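Trainee: predicted model and sequence follow; I will ask about them next.
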Amino acid sequence: MIACVATQTGQLPTISSVSPSAWMPGNTYTVLITGNFPGNSTLAGCSYNEVDVGNQFINYGTWTGLDASNDDPNITISKAEYVSPTQISATVTVAPGAPSVTDYIGATCDGCDYKDVDVFPVQIGCPPPTITSLTPATWIAGQSYDITIIGTGFQTQSAASTACPETSLSVTEANTPQFQMGTGQSQPAGAPHPIVILSNVAVASSSEITATVSVPKSDPTETADVIVETPPNSATTPAQITHTCQIIKPQDNTPFPLDANNSTSTKQVPFLAKGSAQITWNIVIHYATSGGHANSSRNTTLLSNDNATATQTFQSMGGQGAVIATCGSPNNQDSAAIFVPGSAISRSAITERLYKLYASQNPPTPGLMTGIAGKESSTMQFKARYLYGLSALWPNESYDGGSHIGLMMVASSMEDGFDWTTNTQDGVTLFREKIDLAPEKRTSYRALRYWRRSGEDGAYTEEDLHLRVQDGS
């Protein structure tokens, strides 16, 4: 382009397009440069009759041009002509064996002190492909996926007929070439067993490739290389291969009762699965009485390595557990159900605890709470019955489907149902608050039970409660 024309007209020449803009080694092209070229073919001793191609630039202050003394030696310009104020043509020959590179084309002014004004990129050889994304990038062994690769420099079949060969797609085990398949290609004879089977490969555009991948269920690979290639250049991106998530422990519908040594927590429950390097466990323990009271859940999360055991205890909780193991991807999960029922508690342990809780306050009848527990629950925190379809020791419920629960028949909750130490503490506290406050409201122990269950307020003497427990009223 021509600076002296700009001096004459006040306009700088510009380039908007070059066609063709991709040149293959060993070929000759008639190149049409389109843009804005003010003036005529000659003006004030200047003419648009020289075209340069290179990648060395000179900064002229207000614009940047090519350095004509450093043109690409693999490019020969045999003819350059001013066609019109919007077009210049040139005949370009690319030497055989020219390396793939991005050059720039610009026009110079014969007889001017300036060189190029405005330049435009041209591709010598095949543009190297690049990959910016792979979706999805995690594949589960034994499943198939429609994948999309986004990038640049992909050659479609139509483009390949006049310039570069069509871009191919391959998948190999990471760092180990095993298998390659491009559009219209098939597995070469004697090729090793493929990591994945590719089908429906399509170069949709210069920026998108689509395909279907099928991963063998027995494939032991953890990482695969996804490769796009336009010879002699290629680009690679990794795909993570995980295996079908499988819970080994706990087995489905296994009960883990509270430990008989304390009856408040389970022993260590094992969690073992395989399917990815790291496995995330989510355990939700849900409990509700037979009548739907105390409806609540507790969540626990833990991590384990592939085919390695993690353990967890469940304290002051119980019911039915939903176990979900996630192996690498939310789409790769396995599940199991567990149960956390109660366990038998000795009468002597209950008596000792109730006596200590109540007798520490020096009441006249230290054994009152053991008598109340006998009347309320037959001194049983847990009782054999069906819940969640499992016959086991479940929290002892009141007659109305479990509005009250456990040894002292306190208001239902998961903790009061599965932690007998909490249940006895809450029960002693409740009854202690209601006795020795209003002697004039003496009534039967049965009335106290009715009051506590119905919510009717009242206060009762310890002597009255003790007598009523003794006479069985």
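Mentor: Alright, I've got the coordinates. Note that the coordinates shown come from a computational prediction; the quantities given were computed from them, not determined experimentally. Residues are numbered from 1 along each chain as shown.

Trainee: excluding its backbone neighbours, what's nearest residue 135?
Mentor: Nearest-residue entry for residue 135: residue 148, 5.0 Å, with adjacent residues in sequence omitted and distances by C-beta to C-beta, 6 or more residues apart in numbering. C-beta here means a position set from N, CA and C on the backbone, and glycine is covered the same way.

Trainee: quick one: the closest residue to residue 232 other than its chain neighbours from residue 132, how far?
Mentor: Leaving aside its sequence neighbours, residue 232 sits nearest to residue 100 (C-beta to C-beta, 6+ apart; 7.2 Å). Residue 100 sits 20 Å away from residue 132, going by C-beta to C-beta, to the nearest Å.

Trainee: who's more crowded, the two?
Mentor: Applying other C-beta atoms under 10 Å to residue 100 and residue 132 shows that residue 100 carries more neighbours, namely 18 against 11.

Trainee: picking up where we left off before, I'd assumed residue 122 was in contact with the residue nearest to residue 232.
Mentor: No: using C-beta atoms under 8 Å, residue 100 makes no contact with residue 122, being 11.9 Å away.

Trainee: check the chain and tell me which residue is nearest its centre.
Mentor: residue 329 (5.5 Å; C-alpha atoms, centre = their mean).

Trainee: assess the claim that it and residue 138 are in contact.
Mentor: Yes: Residue 329 is in contact with residue 138 according to C-beta under 8 Å; the separation is 4.8 Å.

Trainee: what segments of the chain are helices?
Mentor: 3-9, 157-160, 347-359, 368-377, 414-418, 420-434, 445-454, 462-471 (DSSP state H).

Trainee: mean pLDDT lowest for which of those?
Mentor: Here these differ in mean pLDDT, and the lowest is helix 3-9 at a mean of 35.

Trainee: residue 247 contacts residue 323, doesn't it?
Mentor: Yes: in terms of C-beta under 8 Å, residue 247 counts as a neighbour of residue 323; the distance is 6.9 Å.

Trainee: list residues touching both of the two?
Mentor: Overlap between the contact sets of residue 247 and residue 323, as judged by C-beta atoms under 8 Å, 6 or more residues apart in numbering, is given by 271, 335-336.

Trainee: residue 165 and residue 229 touch, don't they?
Mentor: No: with contacts counted by C-beta under 8 Å, residue 165 stays clear of residue 229, the gap being 9.2 Å.

Trainee: okay, those two: which has more neighbours?
Mentor: For residue 165 versus residue 229, neighbours defined as other C-beta under 10 Å are more numerous around residue 229 (19 against 15).

Trainee: where's residue 343 relative to residue 204, distance?
Mentor: Distance from residue 343 to residue 204, by C-beta to C-beta: 63 Å.

Trainee: the more surrounded of the two?
Mentor: A direct count of neighbours by other C-beta under 10 Å for residue 343 and residue 204 places residue 343 higher, at 20 against 12.

Trainee: tell me the contacts of that one?
Mentor: Counted by C-beta under 8 Å, 6+ apart, residue 343 has contacts 257-260, 263, 382, 393.

Trainee: from these, which shows the smallest pLDDT?
Mentor: For those, the pLDDT minimum is residue 260, 90.

Trainee: what about that one, how many residues nearby?
Mentor: 12.

Trainee: for residue 412, what are its contacts?
Mentor: The contact partners of residue 412, taken as C-beta under 8 Å, 6+ apart, are 289, 293-294, 397, 402-405.

Trainee: for residue 385, see how far away it is.
Mentor: 15 Å.

Trainee: next one: residue 25
Mentor: Using C-beta to C-beta, we find residue 25 at a distance of 85 Å from residue 385.

Trainee: just residue 423 next, same as before
Mentor: Distance from residue 423 to residue 385, counting by C-beta to C-beta: 18 Å.

Trainee: ok, those two, which is more surrounded?
Mentor: With neighbours defined as other C-beta under 10 Å, residue 423 and residue 385 compare such that residue 423 has more, 25 against 14.

Trainee: would you mind measuring from that one to residue 400?
Mentor: 18 Å.

Trainee: then residue 307?
Mentor: As judged by C-beta to C-beta, residue 307 and residue 400 stand 48 Å apart.

Trainee: from memory residue 381 sits against residue 423, does it?
Mentor: Yes: the pair residue 381 / residue 423 is scored as a contact, 6.4 Å apart, by C-beta under 8 Å.

Trainee: so what sits against both of the two?
Mentor: Residues touching both residue 381 and residue 423 by C-beta under 8 Å, 6+ apart: 406-407.

Trainee: which residues does the residue nearest to residue 232 contact?
Mentor: Counting by C-beta under 8 Å, 6+ apart, the residues that residue 100 touches are 123-128, 232-233.

Trainee: put the buried members of these into a ChimeraX selection.
Mentor: Selection of the buried residues among the contacts of residue 100 in ChimeraX, burial being defined by 16 or more other C-beta atoms under 10 Å:
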select :123,124,125,126,127,128,233
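
Trainee: could I get the contacts of residue 100 in TSV, plus columns for distance to residue 80 and pLDDT?
Mentor: Below are those laid out as TSV (distance: C-beta to C-beta, whole Å; pLDDT from 0 to 100):
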residue	distance to residue 80	pLDDT
123	20	82
124	18	84
125	23	82
126	26	80
127	25	80
128	29	86
232	31	78
233	30	84
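
Trainee: mind picking the two most distant members of the contacts of residue 100?
Mentor: Maximum pairwise distance among these (C-beta to C-beta): 14.1 Å, between 123 and 232.
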